[in-house]
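Q: Sequence first, then the predicted structure:
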Amino acid sequence: MKAKLIITGFGLILITACTPNQVQVEDPKIVEVVADTLVEIVIDTSVQQSLRSHGLVDILSIDSTLIVDLKYATSDNFMGFVLYDTLNAVYLQEDVAVKLAACQAFLKDTLPTHSLLVYDGVRPVDVQQQMWEALDSIPTTERGKFVSNPWYGSVHNYGAAVDITICDENGVPLDMGAGYDDFSDIAFPSKEWKFLNSGELSAEQYGNRKLLRAVMKSQSFRNIPSEWWHFNACSRDQAVFKYKKLMYESGVRE
Ligand SMILES: [Zn+2]
């Protein structure tokens with residue numbers, strides 16, 4: 001197993017998912033040497049430390065079998081550039097992450113070789129604003145189907161929503177008939193029957209979406225009409241109440 005270095009803002013280095021010989025490194029010169037032997041170095045940002053101090057967790061600390069592909073920390077997203085320069089892991093409220101782990105167990109009971117593949121969790125409010133503005137070709141009355149209005153906030157901003165799919169034993173996402181962040185109608189769960197009837201959505205693609213919904217609904221996650229990949233652990237009003245109006249920007253504030 002490859003080791004993962006986590007570098008905190010205070011210079012303390014921790015190593016997780018280690019090889020059998022666990023080490024802790026505090027001297028930066030040693031870090032360089034050790035880092036040469038590692039595949040992945042993760043910077044533990046001040047925002048992530050702040051998220052943890054507010055009760056959110058890295059989902060892999062709850063269930064290390066989950067697979068993460070944080071699209072907004074890469075340029076492989078609908079914006080075409082990195083949006084999360086302060087996040088490199090999927091963070092959720094702890095109770096939401098525990099429910100997600102139970103969904104993973106539910107899936108593995110049915111399909112042991114498959115896994116949930118998580119694209120997004122908590123989302124900084126300023127990123128929400130960037131997304132909103134990027135879709136300015138869509139009238140504001142319609143735009144909320146695709147990105148929540150940052151004025152009101154998204155359940156993502158509270159760490160209680162997740163963007164997710166299922167992948168096979170090779171980590172390949174199942175075919176859902178539309179990619180992640182595809183804003184066309186074929187991504188709409190509410191319009192699946194129309195596309196099934198026209199043949200634009202196959203029975204297999206529809207079955208994959210139904211499987212994902214069944215897995216997520218096993219822990220009462222709710223899907224929305226316009227995105228097959230998005231699930232809320234609660235309503236926005238409940239999130240505001242339950243999570244004490246915590247909002248996350250590039251710097252976390254209450
Ligand atoms: Zn979402």
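A: Alright, I've got the coordinates. Numbers count the residues shown, from 1 in each chain.
Q: where does the stretch 151-254 of the chain dip in pLDDT?
A: Counting by pLDDT under 70, the stretch 151-254 of the chain contains low-confidence ranges at 244-254.
Q: which residues in it form strands?
A: Ranges of strands in the stretch 151-254 of the chain, per DSSP state E, counting those that start in this stretch, are 161-167, 222-224, 227-232, 247-248, 252-253.
Q: so can I have JSON lines of these showing distance to T65 and mean neighbour count?
A: For the C-beta atoms, the positions are set from N, CA and C on the backbone; glycine is no exception. Shown next, in JSON lines, are these (distance: least, CB to CB, whole Å; neighbours: other CB atoms under 10 Å):
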{"stretch": "strand 161-167", "distance to T65": "12", "mean neighbour count": "23"}
{"stretch": "strand 222-224", "distance to T65": "23", "mean neighbour count": "17"}
{"stretch": "strand 227-232", "distance to T65": "18", "mean neighbour count": "24"}
{"stretch": "strand 247-248", "distance to T65": "26", "mean neighbour count": "22"}
{"stretch": "strand 252-253", "distance to T65": "28", "mean neighbour count": "16"}
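Q: would TSV of these with distance to E133 be doable?
A: Listed next are the strands of the stretch 151-254 of the chain as TSV, based on distance: least, CB to CB, whole Å:
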stretch	distance to E133
strand 161-167	20
strand 222-224	21
strand 227-232	19
strand 247-248	18
strand 252-253	21
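Q: In TSV, list the ones you listed along with distance to the ion.
A: Rendered in TSV, the data for the strands of the stretch 151-254 of the chain read as follows (distance: least, CB to the ion, whole Å):
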stretch	distance to the ion
strand 161-167	4
strand 222-224	8
strand 227-232	4
strand 247-248	15
strand 252-253	20
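Q: Which one of the ones you listed lies nearest to D182?
A: Between D182 and the strands of the stretch 151-254 of the chain, the shortest gap by CB to CB is with strand 227-232, which sits at 8.8 Å.
Q: so what secondary structure elements neighbour the closest one?
A: Strand 227-232 sits against strand 161-167, helix 203-217, strand 222-224, with contacts defined as 3 or more CB pairs under 8 Å, 6 or more residues apart in numbering; DSSP states H and E.
Q: one more time with 7 Å, if that's ok
A: Applying 3 or more CB pairs under 7 Å, 6 or more residues apart in numbering; DSSP states H and E, one finds that strand 227-232 makes contact with strand 161-167, strand 222-224.
Q: Output the ones you listed as TSV; include the columns distance to T140.
A: Putting the helices and strands packed on strand 227-232 into TSV (distance: least, CB to CB, whole Å) gives the following:
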stretch	distance to T140
strand 161-167	21
strand 222-224	18
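Q: Looking at those strands, which is nearest to L107?
A: Using CB to CB as the criterion, the shortest distance between L107 and these is 6.7 Å, found for strand 161-167.
Q: between that closest one and strand 227-232, how many degrees?
A: Between the axis of strand 161-167 and that of strand 227-232 there is an angle of 130 degrees, by axes from the mean of the first three to the mean of the last three CA atoms, to 10 degrees.
Q: What lies in contact with strand 161-167?
A: With contact meaning CB atoms under 7 Å, 6 or more residues apart in numbering, strand 161-167 is reached by 67, 92, 100, 107, 114-121, 154-155, 173-174, 176, 180, 208, 211-212, 229-233.
Q: next structured bit after the longest helix that the chain contains?
A: Secondary structure assigned by DSSP state H gives helix 94-110 as the longest helix of the chain. With elements assigned by DSSP states H and E, the helix or strand that comes after helix 94-110 is strand 115-120.
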